[in-house]
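**Q** What shape does this take:
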Amino acid sequence: MNAATPVGDTVARPRVATVLLIVFGAIAAIVAVASLANAAEDGPLLGCGVLAAIIAVYAFVFAGYGHRFSRIASEQAPSTVLLTWLVMMGSLLCVLGALVMFFVSVSLGSQGSVVAVILLLVTFVVSIASARVLRAHVVRTKAPAAGD
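**A** Now for the predicted structure:
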């Protein structure tokens, strides 16, 4: 069934994407705390910890949007352009940050390379889930127009 077609009064709700964002945001937060705690012994772990904290915030922000969009009560939603910009720039910057931290960690022989690979995988899941939240928002905003 096409997700863009409303069935009855229901439209696309990003419940699974919201749960994924919460879970992987928590994973990123745990990685951030562990990396920042060990940054004194291994310098590149400081960068990995900061990047993990940014990914966690990014995931929790979109989990909040996903929760907001999954409720039935209609609220004033942010513009689609703003959310699209946030998804694209957040995903791009997090992926590039993880790649840069990987190459810096490998060149310095640091344990941060393992953390950077973990962050890259977390970033891919968070990027896909945040795009799913954006898609649900777009479908939800266009659903009333399709019924006219």
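**Q** pLDDT (mean, whole number) over stretch 94-107?
**A** Stretch 94-107 comes out with an average pLDDT of 90.
**Q** Based on its surroundings, how many neighbours for W85?
**A** Taking other C-beta atoms under 10 Å as the criterion, the count of residues near W85 is 11. Any C-beta I mention is one placed from the backbone N, CA and C, and that applies to glycine too.
**Q** Check the gap between it and I30 for me.
**A** As judged by C-beta to C-beta, to the nearest Å, W85 and I30 stand 28 Å apart.
**Q** And for T18?
**A** Noted for T18: a distance of 19 Å to I30, by C-beta to C-beta.
**Q** Looking at these two, which is more packed in?
**A** Higher neighbour count among T18 and I30: T18, with 23 against 12, using other C-beta under 10 Å.
**Q** how about the more buried one, what does it touch?
**A** The neighbourhood of T18, defined by C-beta atoms under 8 Å, 6 or more residues apart in numbering, consists of A63, G66, H67, S70, A129, V133.
**Q** what do you get if the cut-off is 10 Å, keeping everything else the same?
**A** For T18, the contacting residues are 62-70, 129, 132-133, 136, by C-beta atoms under 10 Å, 6 or more residues apart in numbering.
**Q** And the contacts of stretch 98-117?
**A** With contacts defined as C-beta under 10 Å, 6+ apart, stretch 98-117 is touched by 31-32, 34-35, 38-39, 41-52, 55, 97, 118-124.
**Q** ok, now with 6 Å
**A** If you take C-beta atoms under 6 Å, 6 or more residues apart in numbering as the criterion, stretch 98-117 is touched by S35, D42, P44, L45, G47, C48, L51, L119, L120, T123.
**Q** So which bits of it are buried?
**A** Across stretch 98-117, burial judged by 16 or more other C-beta atoms under 10 Å covers A98, M101, F102, V104, S105, S110, G112, S113, V115, A116.
**Q** Need the three-state assignment for K142.
**A** helix (DSSP: H, G, I helix; E, B strand; the rest coil).
**Q** Let the chain start at 4 from now.
**A** OK, 4 is where the count begins now, so the last one is K145.
**Q** how near is it to S94?
**A** 23 Å.
**Q** So between the two, which is more surrounded?
**A** Comparing K145 with S94 by other C-beta under 10 Å, the one with more neighbours is S94, at 18 against 14.
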